[in-house]
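S.K.: The sequence isn't on hand, but the structure is:
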């Protein structure tokens, strides 16, 4: 059981947030040379750290369909509101104030009838105080395993463009097209079927110093396993949710395109869908106003950093990319501060490396819904359904944390050939959590991002409650 965050820490965080809200401090220190620079500012309309002249998606498009100023004062009680948009705001605010984790920031967006209906955000100051944070809808968060939905979508875009096929055989030794030896279909990687077992303890996914190609070329099966490797291999096995599956799938996609994985996602999805500030570049994200904030981790996932601190000096394959503290395993810490560029290894990018804002995810949802309804999304109607139709019955019946089936990159409620009523994913990284829930038949979606170790099931249930209000 984790130690709750202390009152002293709450007071510290509260004073920092209060000063930020008044424009007095910035959590990320500014180098002295930058503070006194006389250079002209570089045009960067969306604040994502890319010069507009070099940015293929230089401006965030967000024009809400609902005026939140028509809602009454916040009281944390959705039953006091009539409009579902106002109820949504109350539900999110209530989680901010009442979740047992210390939630520093929370942002959400609602897509109604296939359009971005509203987005809003709040920041918690500590000791029961909060501020409305309208700019928070553009702040970057780590979305964790919701990145798998991004990877699967890009894979389907590439198949529909003839770059690859879901039935291609992938070689775990090279990350490329299999010529001989053990291999698995790309679709099996995307469906978590018969490839790798769950990656508990696979620390190099977080700290590998090289890129994706280097990771999968590493001969050590304890680093990048083969399908028949002891411990992590799953030959002949069924469904097993593992980051290794998506790491290898992303490597294969990048090799077929002769691009880095991050460039592939940027070109084929982020820019295409209007996800103008979404990125896989943690260092760049942290250097921007929309990515410089921090998150508080209180859960077991914060042990990743101390283990990186312990391993990196002894293993040249492990990069010390955890810089918030010098904690080591066994040290008496009860919380840690995380930034977007920490535990930032390419090996994990396809499975959990995406950073995005609430508005970015809203545009992703909008594009997927447009694909489902045949109104101009990046995928064909049949293509998005293939991702959303069940590949595995998860065996949870009516007690499922998300949905009863897994498709490819999405948990889903639909068997092949059926209308898709509800799909989604959730994700967590130390100090960050996300929920991404779509109701394709209703043409609605909700995404929620939190700077805290909030349960992804809790966030998913919150998104579903908001969607229920719109029924």
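M.R.: Cool, got the structure. Not measured: the values here are computed from a predicted model. Residues are numbered from 1 along each chain as shown.
S.K.: List the strands paired with the strand ranked longest in the chain, with their directions.
M.R.: For the chain, the strand with the greatest residue count under DSSP state E is strand 115-126. Using DSSP bridges, strand 115-126 pairs in its sheet with strand 105-112 (antiparallel), strand 129-132 (antiparallel).
S.K.: hey, which of these is tucked in deepest?
M.R.: strand 105-112 (a mean of 27; mean count of other C-beta atoms under 10 Å). Every C-beta, even on glycine, is put in place using the N, C-alpha and C of the backbone.
S.K.: mean confidence for that one?
M.R.: Averaging pLDDT along strand 105-112 gives 97.
S.K.: One more: stretch 367-384?
M.R.: 98.
S.K.: Counting neighbours, which bits of that stretch end up buried?
M.R.: Neighbour-count burial for stretch 367-384, counted by 16 or more other C-beta atoms under 10 Å, picks out 367, 368, 369, 370, 371, 372, 377, 378, 379, 383, 384.
S.K.: Give me the distance between the two termini of it.
M.R.: 10 Å (C-alpha to C-alpha, to the nearest Å).
S.K.: Quick one: distance of that stretch to the chain centre.
M.R.: 21 Å (C-alpha atoms, centre = their mean, to the nearest Å).
S.K.: So which residues make contact with it?
M.R.: Contact with stretch 367-384 is made by 111, 114, 153, 156-157, 159-160, 268-269, 272-274, 385, 387-388, 420, 438, 440, 443-445, as judged by C-beta atoms under 8 Å, 6 or more residues apart in numbering.
S.K.: Mind putting the strands paired with strand 115-126 into JSON lines with distance to residue 190?
M.R.: Below are the strands paired with strand 115-126 laid out as JSON lines (distance: least, C-beta to C-beta, whole Å):
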{"stretch": "strand 105-112", "distance to residue 190": "24"}
{"stretch": "strand 129-132", "distance to residue 190": "40"}
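S.K.: closest one to residue 227 among those?
M.R.: Closest of those to residue 227 is strand 105-112, at 38.2 Å (criterion: C-beta to C-beta).
S.K.: sorry, back to before: would you check which pair of the buried residues of stretch 367-384 lies furthest apart?
M.R.: Every pair of the buried residues of stretch 367-384 checked by C-beta to C-beta; the farthest is 369 and 383, at 13.6 Å.
S.K.: The closest residue to residue 211 other than its chain neighbours and residue 437: what is the separation?
M.R.: Sequence neighbours aside, residue 346 is the residue nearest to residue 211 in space, at 4.9 Å (criterion: C-beta to C-beta, 6 or more residues apart in numbering). Residue 346 sits 28 Å away from residue 437, going by C-beta to C-beta, to the nearest Å.
S.K.: that older thread, now the longest strand of the chain: mean pLDDT?
M.R.: For strand 115-126, the mean per-residue pLDDT is 92.
S.K.: Isn't residue 273 up against residue 361?
M.R.: No. Using C-beta atoms under 8 Å, residue 273 is not in contact with residue 361, being 10.1 Å away.
S.K.: Tell me which of the two has more neighbours.
M.R.: residue 361 (31 against 22; other C-beta atoms under 10 Å).
S.K.: Pull the contacting residues for that one.
M.R.: 109, 143, 146, 275, 434, 436, 447, 449.
S.K.: Now do the first one against residue 358, distance only.
M.R.: Distance, residue 109 to residue 358, using C-beta to C-beta: 4 Å.
S.K.: which neighbours do the two share?
M.R.: Shared contacts of residue 109 and residue 358 (C-beta under 8 Å, 6+ apart): 119, 137, 447.
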